[in-house]
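Novice: Test case, fold it:
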Amino acid sequence: MKLNFKQLAIIYFVLLYLHITVVVYFPELESFTKPFLILLLGYWLFTHKSRFTTKGVFYATVAALVFALIGDQFMVYEEGQPLVFLGGIMSFLITHLFYIKAFSLQRNKKQPILNPFFYIIVVQGIFILSIFYEYVQDELKVPVILYVLVILAMANFASLRKHSVDDWNWKLGIIGAFSFIFSDIIIAYTHFIGPIYGSTVIVLTLYGAAQFLMVKSIIYSFETPKE
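Specialist: Sure, this is the predicted structure:
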C-alpha cells in the first residue's frame with residue numbers, strides 16, 4: 001500500500017508526539033518508539049523511488065536515514081556516557097554528510113558555494129562555538145567543532161538548490177536544515193552547560209520536523225512520474 005502525502009504526514013506526526021509522550025512519561029520505552037519515525041521516512045522514500053530522476057539523490061538520502069537511525073539509538077543512552085555521546089555525534093555527522101551529498105547533486109551550479117548565505121552561517125557557527133567551547137570536554141572539542149562545520153555546510157548546500165528545484169521545496173529544505181541546527185544547539189546546551197525547561201519536547205519536535213521536511217523537500221523536488 002502506498003500512502004499519499006496527507007496520510008503519511010498525519011501518521012508521522014502522530015508517531016512523533018506519541019514518541020514525545022513516551023520519552024516524557026515512559027522513558028524506558030524510548031528506544032522502542034524512536035525508530036518508527038525514521039523507518040516511516042524510509043518507507044516514504046522507497047514507495048516514491050520512481051520520482052527520482054537522479055538516483056544518487058535517492059541513495060544518499062537513504063544512507064542519511066540509516067545513520068540517523070543509528071544516531072538515534074546512541075542518543076537514547078548518551079546521558080553520562082561521553083563515548084556513547086561521541087558515537088551519536090559521529091553518526092549524525094555522517095547523516096549530515098549524506099544530506100550534503102543529496103543536496104549537492106541538486107544544487108544550482110550557477111551559484112557559488114562561497115555566497116552571502118555562506119558567510120552568514122559562518123558567523124552563526126563562530127557564535128555557536130563561542131558559547132559552548134569552554135564547556136566541552138577536551139576529548140570532544142574536535143568532534144564538536146567538526147560537527148558544527150558539517151551541519152552548517154548542510155544548511156548552505158540546502159540553500160544552493162535555489163532555482164534548481166521548485167521554490168516551495170527549496171524553502172522546506174532550508175527550514176528543515178535549520179530545525180536540525182536549532183535542535184542540536186539545544187541538545188549541546190543541555191549536555192554541556194545545563195538544563196532548559198521543556199528541552200525534551202522542543203528538541204524532539206524540531207528534530208522530527210527537520211527530518212520530515214528535508215525528506216519531503218527531496219522527494220517532491222522531482223516531477224511526478226508519468227504512469
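Novice: residue contacts, Ser104?
Specialist: Going by Cβ atoms under 8 Å, 6 or more residues apart in numbering, Ser104 touches 157, 160. Using the backbone N, CA and C atoms, a C-beta is placed for each residue, glycine as well.
Novice: Recalculate using a threshold of 7 Å.
Specialist: With contact taken as Cβ atoms under 7 Å, 6 or more residues apart in numbering, Ser104 is in contact with Phe157.
Novice: Also the one 4 residues further on?
Specialist: In this structure, Asn108 makes contact with 160-164, judged by Cβ under 7 Å, 6+ apart.
Novice: With Leu45 instead?
Specialist: Counted by Cβ under 7 Å, 6+ apart, Leu45 has contacts 58, 61-62, 215, 219.
Novice: and Asn108, helix, strand or coil?
Specialist: coil (DSSP: H, G, I helix; E, B strand; the rest coil).
Novice: Tell me how many other residues crowd the closest residue in space to Thr200 that isn't next to it in sequence.
Specialist: Distances taken as Cβ to Cβ, 6 or more residues apart in numbering put Val23 closest to Thr200, at 5.8 Å, once the chain neighbours are dropped. Per other Cβ atoms under 10 Å, the neighbour tally for Val23 reads 18.
Novice: Phi first, then psi, for Val23.
Specialist: phi -60, psi -40 (degrees, to the nearest 10).
Novice: for it, what are its contacts?
Specialist: Val23 neighbours (Cβ under 7 Å, 6+ apart): 30, 200, 204.
Novice: before we move on, the earlier item: pick the one among the contacts of Asn108 closest to Ile38.
Specialist: Closest to Ile38 out of those is Arg161 (22.6 Å), distances taken as Cβ to Cβ.
Novice: I figured the closest one hits Trp170, correct?
Specialist: Yes. Counting by Cβ atoms under 7 Å, Trp170 is a contact partner of Arg161 at 5.2 Å.
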